[in-house]
Structures are given as C-alpha cells and as structure tokens.
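Student: Fold the following, please.
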Amino acid sequence: MSRSDGGRDTYREFTEAVNMKPGELQKWLETDESKHVGWRKKGSPGGESVGHESGRKIIELLRRRRAELSEADYRHMRKVVGYVRRHMAQRPSGDVRATRWRYSLMNWGHDPVKAPLPPPGGPSRKALQRHGAPPKARRGPGR
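Tutor: Down below sits the predicted model:
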C-alpha cells in the first residue's frame, strides 16, 4: 500500500476487479466447476487450489470495513488485481461462458461475462458508466 494514498488506489482497483458480490462468490465456490480449476500447491494432492483459497479470502475482505483492513489484506488485494488483469489479457476467442479460463477468474472474484475491466489507473468503472470515455484529446498519449 502506498503511504501517500492510504491504500485508496489499491482498494479502488480491487473493488473494480472483483465484480462478484460476497454471497454470489460464496455460492460459486461451492460448485464442482469452481473446485476443479486452478493450480494446486506442491504437496497438497487433491487439496484446494490457490484461486479457490483466494476466493474465500476475497469474501472476507468484501465483508470487512475498510478501516479494518491490514497491510496483509492490501497485499492480497494487489495480488487479486494482478491476477485478474493478467488473465483478462489472455482471454480466449469465442464463447467463454463454460470455460476453465472463466471459472478460474471467477474463483478470484471476477466474472468476465459481467463487465469489462477498466484500464489500470484510469477512471473507475462507475465513472465510465456515468460519463463515458473521455474525449480522445483528454486521454493522453497513446490511448
């Protein structure tokens, strides 16, 4: 967490990357599809995948007040944002509704069928919905 922003940017990016509600994510994590995707740590045969474990932690984070979040919580939020952004960049072509790619992302709290992810450091998803994308002249170089 950056000392200058007090975790504000991390929190914003996390809440944009995680587009599933806690109850929705909890219900998803109970499905067979959720339990059968993702990478498992070495030495844990048949154990829980890293993404599934992260999903449980995300539910806790979403249900906690912002003032109760620790530095470890912000580290996990940054991990979630990084995972979601990396995997969204690897989107397969065609219909993704019944793919392991989508199921893996959903374990991390992001359903790619719901809405696109805003660009890092840019306006929030809610601001883009309210106002639309800024005019090209205001977007900066290369945007």
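Student: tally of neighbours for residue 55?
Tutor: Neighbour count for residue 55, taken as other Cβ atoms under 10 Å: 24. No exception for glycine: its C-beta is placed from N, CA and C like everyone else's.
Student: An error on my part: the question was meant for residue 87.
Tutor: 17.
Student: cool, residue 80 as well?
Tutor: 24.
Student: wait, it sits on residue 54?
Tutor: Yes - here residue 80 reaches residue 54: they are 6.6 Å apart, a contact under Cβ atoms under 8 Å.
Student: what do these two both touch?
Tutor: 108-109 (Cβ atoms under 8 Å, 6 or more residues apart in numbering).
Student: what's near enough to touch residue 80?
Tutor: Counting by Cβ under 8 Å, 6+ apart, residue 80 has contacts 14, 17-18, 54, 58, 108-109.
Student: and the longest helix for the protein?
Tutor: Identified as the longest helix of the chain according to DSSP state H is helix 71-88.
Student: quick one: buried residues of that one?
Tutor: By 16 or more other Cβ atoms under 10 Å, the buried positions in helix 71-88 come out as 73-74, 76-78, 80-81, 83-84, 87.
Student: repeat for stretch 101-112
Tutor: Neighbour-count burial for stretch 101-112 [16+ other Cβ under 10 Å]: 102-112.
Student: Give me the distance between the two termini of that stretch.
Tutor: End-to-end distance for stretch 101-112, by Cα to Cα, to the nearest Å: 9 Å.
Student: from now on call the first residue 43
Tutor: Will do, 43 is the new start, and the previous item becomes stretch 143-154.
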